[in-house]
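Trainee: let's see this in three dimensions:
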Amino acid sequence: MPRPKKQRLKQRADGRYRCRYHGQDFYGATEAEALAAREEYKRQEQAGELRRRRCLFGDYALTWLAAYKSHLTAAPYNTHARNIERFITVCEDRPLQDYTPTDISGFYQRFAKMSASTIHSVRDTVRGVFRAALADGLIDRDPTAAVPLPKGTKGTHRLLTDAEKELILCTAHRLRAAVIVMLYAGLRRGEVMALQVPRDVDFDRKTITVREAVRFDTNGKPILCDPKTEAGARVIPMLDVVARELRGINGLVCPSASGALMTESAWKRGWSSYLNALGVTDNGRTRHRSDATWVPVTIRAHDLRHTYCTMLFEAGVDLKTAMLWMGHADQTMTMQIYTHLSDKRRTEAEIALRNAELQVFGGQNGGQIPSVEQKTIAAQGL
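Mentor: Coordinates of the predicted model:
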C-alpha cells in the first residue's frame, strides 16, 4: 500500500510557511513548525470534544450554581440546589450533550399537578444550567428551548372575611400568637417560626424586626437561615393587637412542644389542630364523624399574609412602603395584589354609581329597572 503523500507548504513572501485546517491558519518558520502548530490545534480540539462528551449535568450544574447564584440568600440558593437534585433523580446524571427536548418535557410533566410557581422555579433552574452550558460551548443546542410548560395549579390565596378575623381573635390555641403575627404583621410562615421575644420585638418602639427564617430540609427538619430575599430582613410597625398577644412570651413565638424550632410535620399537625379549634369555636361544639352539619374552617397560612397586604391597601399605604413591610424583593408581587384590589374597588364604585342612577331616574315607562348586580347574575345564569 503506497504511503500518503507528504503535504508540501508554500513559503510566503515574509519567509514563513502557512497551512490551513477548518478555516484556521497556522504559521511557522519552517514547514515542520506550521504543521506542528496545526497538529497541536487538532489535539486540543479533540480534547475539547472529549470534555464536552464527558461533562456531566451534575458536575456542571454545581459549577453554574457557584458562579451564577452565589449572591443569593440561603432560601433561593437551596431551591436551585434542590431542583438540580430533582432533575438528576428523574433524568439521571448524564453528559449535557445527551439530553433532548423530550427529556426536558418529561421532567416538567412530573410537576404538572403542582403549583405554577413551583413549575416556573424548576424551569428557571434547568434552563439556566443549559443556557450557561451553551454559552460555554459544552453543548451545540439548548434542549430547554421552546419546551412548553404544564400550566400547574393557580394560587388561591384569598382575603379573610371579618367573621374569620373575629374567629381568630376569639380562639385560644398554641399557634394563636403566630397566627396573629402573620395576620397583622404580614410575616411568612418561616419568618414567624424564627421570631423570638424580646430579641426581635421592641415594645417601646412598637416594631418587629425580621432577622431570620426557618426552612425545612428534605427530611422536614428545621434549618435557621436568612429570610427568603435580602428585602426579607426588615422592620415592621407593630400594631397593638400584636403587642398584646406577644407580651408575656419569652423565646420563640412558635416553638415545638419541647421549646425548639418546629419540624415540618409538627407544623402541619399544629395547623390542622388550629383549624379544628377554629371550627369548634365557629360551630359551638366539637366535631363528630356522624355530624354532617359541622362546618370546617378552611384557612391557609399564606391567606393571613395576603390579608395583611390587603389591609395596607385599604389603609392607603403607598406601594413602596407596602413592598418594604411585606419584604418583597421587587414590587411585582405587591403590585399584583394592589392592582387587583384597585380594579375591584373601581368595579364596585361603578356598580354603586349605576345603581344610584337607577334609584334617581327609575325605569322607562315607570317600570322597575333591575340593579347592575341582578343583570350580572342573570347574564351568568345564576
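Trainee: only C-alpha atoms for contact and neighbour calcs from this point on.
Mentor: Fine.
Trainee: residue 125 and residue 85 touch, don't they?
Mentor: No: Residue 125 sits out of contact with residue 85 when judged by Cα atoms under 8 Å, with a separation of 10.7 Å.
Trainee: the two: who's more crowded?
Mentor: More crowded of residue 125 and residue 85, by other Cα atoms under 10 Å: residue 125, with 20 against 15.
Trainee: ok, for that one, nearest residue in space, not its chain neighbours?
Mentor: Leaving aside its chain neighbours, residue 125 sits nearest to residue 80 (5.8 Å; criterion: Cα to Cα, 6 or more residues apart in numbering).
Trainee: report the secondary structure state of the one you found.
Mentor: Put simply, residue 80 is helix when judged by DSSP: H, G, I helix; E, B strand; the rest coil.
Trainee: quick check, pLDDT for it.
Mentor: Per-residue confidence (pLDDT) for residue 80: 91.
Trainee: can you tell me how far the residue lying closest to residue 109 once chain neighbours are set aside sits from residue 218?
Mentor: Once flanking residues are discounted, residue 109 sits nearest to residue 150: 6.4 Å by Cα to Cα, 6+ apart. For residue 150, the distance to residue 218 equals 24 Å [Cα to Cα, to the nearest Å].
Trainee: higher neighbour count, those two?
Mentor: Between residue 150 and residue 218, counted using other Cα under 10 Å, residue 150 has the larger neighbour count: 18 against 9.
Trainee: contacting residues around the closest residue to residue 221 other than its chain neighbours?
Mentor: The shortest distance from residue 221 to any residue other than its chain neighbours is 5.0 Å, reached at residue 263 (Cα to Cα, 6+ apart). By Cα atoms under 8 Å, 6 or more residues apart in numbering, the contact set of residue 263 is 216, 220-222, 256.
Trainee: compare those residues and tell me which is most surrounded.
Mentor: Busiest of the contacts of residue 263 [other Cα under 10 Å] is residue 222, holding 20 neighbours.
Trainee: show the pLDDT at that residue.
Mentor: On pLDDT, residue 222 comes in at 93.
Trainee: ok, now which ones touch it?
Mentor: Residue 222 makes contact with 214-216, 261-264, according to Cα under 8 Å, 6+ apart.
Trainee: moving C-terminal of the strand or helix carrying residue 40, what's the next helix or strand?
Mentor: Taking DSSP states H and E as the criterion, residue 40 maps to helix 31-54. Going down the chain from helix 31-54, the next helix or strand is helix 57-68, by DSSP H and E.
Trainee: find the residue closest to residue 281 in space, skipping its chain neighbours.
Mentor: Nearest non-adjacent residue to residue 281, counting by Cα to Cα, 6+ apart: residue 171, 6.5 Å away.
Trainee: distance of that neighbour from residue 80?
Mentor: Plainly put, residue 171 is 39 Å away from residue 80 if you go by Cα to Cα.
Trainee: likewise residue 302?
Mentor: For residue 302 relative to residue 80 (Cα to Cα), the value is 22 Å.
Trainee: do the same with residue 16
Mentor: Look at residue 16 and residue 80: by Cα to Cα, they are 53 Å apart.
Trainee: so these two - more neighbours on which side?
Mentor: The neighbour count for residue 16 versus residue 80, taken as other Cα under 10 Å, is higher for residue 80 (21 against 16).
Trainee: please list all residues in contact with that one.
Mentor: 65, 121-122, 125.
Trainee: ok, those residues vs residue 136, which is closest?
Mentor: Set against residue 136, the nearest of the contacts of residue 80 by Cα to Cα is residue 65 (14.5 Å).
Trainee: and that closest one, what does it touch?
Mentor: If a contact means Cα under 8 Å, 6+ apart, then residue 65 has 77, 80-81 as its contacts.
Trainee: so, low pLDDT: which residues of this protein?
Mentor: Applying pLDDT under 70 to the chain flags residues 1-7, 45-53, 73-75, 154-157, 228-229, 331, 333, 340-343, 362-382.
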